[in-house]
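Novice: Below are the sequence and a predicted model for it; my questions follow.
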Amino acid sequence: MHKIDFYLLKFEKNAAKVLVLSMVVLVFASGIARFLHYPINWAVDISTFMFAWACFFAVDVAWRENKMMRVDLFVKRFPKRTQRLFRLINYFIIMAFLVYLVIWGSYLSYTTRFRTFVGIPGFSYTWVTLSVPVGAALMFRTGLLKIRSEFLNLREATRA
């Protein structure tokens, strides 16, 4: 299982990097091409696709590596056991929201299956909206790992 986590995290990191870099290059090239009176009409559409996927991959990587911003000015004044309880409650609230995103993101992906990009006929908008349920599912998996880690730490703390 750790090997799958390692490769999934590596994929997400590299995918986010490549998507953001490609998006920046594409938008820059599109601006130059427009200046030269040869606009690239599909550049904004592809950039939207790349941005959506890059955001969800990057958020999952940040959460998995504990690099998300948090405000713990109030919580850190409590004992460790209470802090753990607050973290678990927070994780369960996040998980509920992620379930909501998976359900409604899937519905949105289904309803946009016939919508195409203006500049790219034949490329369904579903590929963009699929980033919501897929990204939320990846974050849900990360949330499960975090909850599991909290309970394992709790078990080890009670042994000591």
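Specialist: That came through fine.
Novice: which stretches of the chain form helices?
Specialist: Under the criterion DSSP state H, the chain contains helices at 2-35, 43-64, 80-111, 126-129, 131-159.
Novice: so which of those helices comes closest to R70?
Specialist: Across those, R70 has its closest neighbour in helix 80-111 (9.0 Å, CB to CB). For every residue, glycine as well, the C-beta is placed using N, CA and C.
Novice: Show me what the closest one packs onto, helices and strands only.
Specialist: Using 3 or more CB pairs under 8 Å, 6 or more residues apart in numbering; DSSP states H and E, the elements in contact with helix 80-111 are helix 126-129, helix 131-159.
Novice: And the most centrally placed residue in the chain, how far from G135?
Specialist: Nearest to the centroid of the C-alpha atoms of the chain, with distances taken as CA atoms, centre = their mean, sits F56, at 2.0 Å. Taking CB to CB, to the nearest Å as the measure, F56 falls 2 Å from G135.
Novice: likewise K76?
Specialist: With CB to CB as the criterion, K76 and G135 are 30 Å apart.
Novice: of these two, who's got more company?
Specialist: Shown here are K76 and G135; by other CB atoms under 10 Å, G135 has more neighbours (24 against 10).
Novice: Surely that one is in contact with F57?
Specialist: Yes: the pair G135 and F57 passes the contact test of CB atoms under 8 Å, sitting 7.0 Å apart.
Novice: Give the residues shared as contacts by the two.
Specialist: Common contact partners of G135 and F57 (CB atoms under 8 Å, 6 or more residues apart in numbering): none.
Novice: Give me the pLDDT value at A157.
Specialist: pLDDT recorded at A157 is 66.
Novice: Right, I'll leave it there.
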